[in-house]
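For reference, the sequence and a predicted model appear below.
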Amino acid sequence: MIVSGRVAQKMAPVVRRLWEQMADPKWVISMGACASSGGVFDNYAIVQGVDTIVPVDVYVPGCPPTPDGLLYAVNLIQQQIRQAVAAGSSPEPNNAKFANSASREHCSRPDCRSAGHRRCPHHSRYAG
């Protein structure tokens, strides 16, 4: 799934339902500042980051994001799949990465081993 642009609060449950209906393994790309953090739209109607709804595998930065950033994000997901297949295991999504190779902060809870901000179940408002 590629999430591009801002997500309204009304659309958040729909996006979550679409993610739940996806076949396994589920891969999510958050494309652009609006999808990743809400962008300049800091108000009650816009979700401040799609990672509060679904776990994100790759973040593409930018406003607007560049086409080569999206291609690089797809290549990162392909590399994750190849590494899992080479290791003899099934591909596991949700190892959050940035398409510009920046690091993502860890969750501060001691019982959480999540590598991405608000990706673990106790951080998601829309986890069911």
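Good, I have the coordinates.

Wait, Leu70 touches Ser30, no?
No - using C-beta atoms under 8 Å, Leu70 makes no contact with Ser30, being 11.0 Å away. Every residue, glycine included, has its C-beta placed from N, CA and C.

which residues do these two both contact?
Each of Val60 lies in contact with both Leu70 and Ser30 under the rule C-beta atoms under 8 Å, 6 or more residues apart in numbering.

More neighbours: which of these two?
Ranked by neighbour count (other C-beta atoms under 10 Å), Leu70 and Ser30 place Ser30 first, with 29 against 19.

Give the rounded mean pLDDT of the helix or strand that that one is a member of.
Assessed by DSSP states H and E, Ser30 sits inside strand 29-31. Mean per-residue pLDDT for strand 29-31: 90.

Quick one: name whatever helix or strand follows it.
Counting by DSSP H and E, the next helix or strand C-terminal to strand 29-31 is helix 33-37.

After that following helix, which helix or strand is next?
strand 58-60.

Tell me where this structure has strands.
Residue ranges of the strands in the chain, as given by DSSP state E, are 2-4, 29-31, 58-60, 97-98.

How many neighbouring residues does the closest residue to Ala8 other than its chain neighbours have?
Excluding the flanking residues, the one nearest Ala8 by C-beta to C-beta, 6 or more residues apart in numbering is Ala45, at 5.8 Å. The local packing of Ala45 (other C-beta under 10 Å) involves 9 other residues.

likewise Val15?
19.

again with Arg17
Neighbours of Arg17 under the rule other C-beta under 10 Å: 11.

Return the distance of it relative to Val54.
10 Å (C-beta to C-beta, to the nearest Å).

okay, how far is it across stretch 9-29, tip to tip?
Terminal residues of stretch 9-29 lie 19 Å apart, using C-alpha to C-alpha, to the nearest Å.
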